[in-house]
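Novice: could you work out the structure for the sequence below:
(one chain, ligands or ions: 1)
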Amino acid sequence: MSTSYGAAFALMRESASQAWRAYTRHAFVEGLKDGSLSREAFLHYLRQDYVFLIHFSRAWALAVVKSETHGEMRAAVATVNALVAEEMQLHIGICEAAGISQEDLFATTERAENLAYTRFVLEAGYSGDLLDLLAALAPCVMGYGEIGQRLASEASSQTYADWIGTYAGDDYQEACKAVGILLDNALERRLGKDFTTSPRWPRLCKTFETATELEVGFWQMGLTP
Ligand SMILES: Cc1ncc(CN)c(N)n1
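Specialist: From the prediction side, this is the model:
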């Protein structure tokens, strides 16, 4: 499944396999799959995730700043647009239907687990180059792509079908593939074809693993409204 999101992602995922499993098979995810997740926890998670996506969009905007080619800029801009114009729309729509206005959403008090994750990603970008930033961004993008695909085929309930459909859908899956290509090309450009032999590779894998662990913390936070 992971190979469709590029060579580097598959290797990073493998190097963080334990954390990756904890992230993509978390109890929150399983609750979305069988519909057992409480509505209260889901709406609490969505509110936090809306705030998450604001900062995540800022991090992708930083990827535009850190780009070295027009192609990299285009890929980063496309992701900013997908986040702001499409993914956040899911949150606005579901919350509106539940009586939570966009204003209320924007005013959500950020939980510590949320703050830790997004500021870790932003810091990776502020103090590093595009590779450091992409290593921190990739678990978020591709993890939900993988979760969406699995849940679309395994879900035993329709309760969270909208959410699952967004991440299993063509638009989101294409975005994952595009980020996989961006990551592969950015690595090759800066570290060469054998990028895994670069002294930077272990650190990039570590950044990927830390971001994956922060995803686990985010799900856990979702379970405790
Ligand atoms: C915490 C988190 N991680 C990933 C995604 C998918 N972009 C998200 N919406 N929220």
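Novice: could you pick out the longest helix of this structure?
Specialist: helix 39-65 (DSSP state H).
Novice: quick check: which helices or strands does that one pack against?
Specialist: Under the contact criterion of 3 or more Cβ pairs under 8 Å, 6 or more residues apart in numbering; DSSP states H and E, helix 39-65 touches helix 27-34, helix 70-81, helix 88-97, helix 102-106, helix 112-127, helix 130-154, helix 201-222. Any C-beta I mention is one placed from the backbone N, CA and C, and that applies to glycine too.
Novice: return the set of buried residues in that helix.
Specialist: 42-57, 59-64 (16 or more other Cβ atoms under 10 Å).
Novice: out of these, who's near the ligand?
Specialist: Restricting the buried residues of helix 39-65 to those within reach of the ligand (Cβ under 6 Å from any ligand atom) leaves 49, 52, 53.
Novice: what pLDDT does the closest residue to residue 151 other than its chain neighbours get?
Specialist: Nearest non-adjacent residue to residue 151, counting by Cβ to Cβ, 6 or more residues apart in numbering: residue 164, 4.6 Å away. Listed pLDDT for residue 164 reads 97.
Novice: what's the helix or strand for residue 164?
Specialist: helix 161-168 (DSSP states H and E).
Novice: can you list contacts of that helix?
Specialist: The contact list for helix 161-168, computed with Cβ atoms under 8 Å, 6 or more residues apart in numbering, reads 32, 42, 87, 90, 93-94, 144-145, 147-149, 151-152, 155, 172.
Novice: just the buried subset of those residues, please.
Specialist: 32, 42, 87, 90, 94, 144-145, 147-149, 151, 155, 172.
Novice: and the residues you listed as a markdown table, adding distance to residue 23 and pLDDT?
Specialist: Converted to a markdown table, those look like this (distance: Cβ to Cβ, whole Å; pLDDT from 0 to 100):
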| residue | distance to residue 23 | pLDDT |
| --- | --- | --- |
| 32 | 13 | 98 |
| 42 | 18 | 98 |
| 87 | 18 | 94 |
| 90 | 20 | 92 |
| 94 | 22 | 94 |
| 144 | 10 | 98 |
| 145 | 12 | 98 |
| 147 | 8 | 98 |
| 148 | 13 | 98 |
| 149 | 15 | 97 |
| 151 | 14 | 98 |
| 155 | 18 | 97 |
| 172 | 17 | 95 |
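Novice: return the member of the residues you listed nearest to the ligand.
Specialist: Checking the buried ones among the contacts of helix 161-168 against the ligand with Cβ to the nearest ligand atom, the nearest one is residue 144 at 3.7 Å.
Novice: how many neighbours does residue 146 have?
Specialist: Neighbours of residue 146 under the rule other Cβ atoms under 10 Å: 22.
Novice: buried deepest among the helices and strands packed on helix 39-65, which one?
Specialist: Counting by mean count of other Cβ atoms under 10 Å, helix 130-154 has the highest mean neighbour count of these, with a mean of 23.
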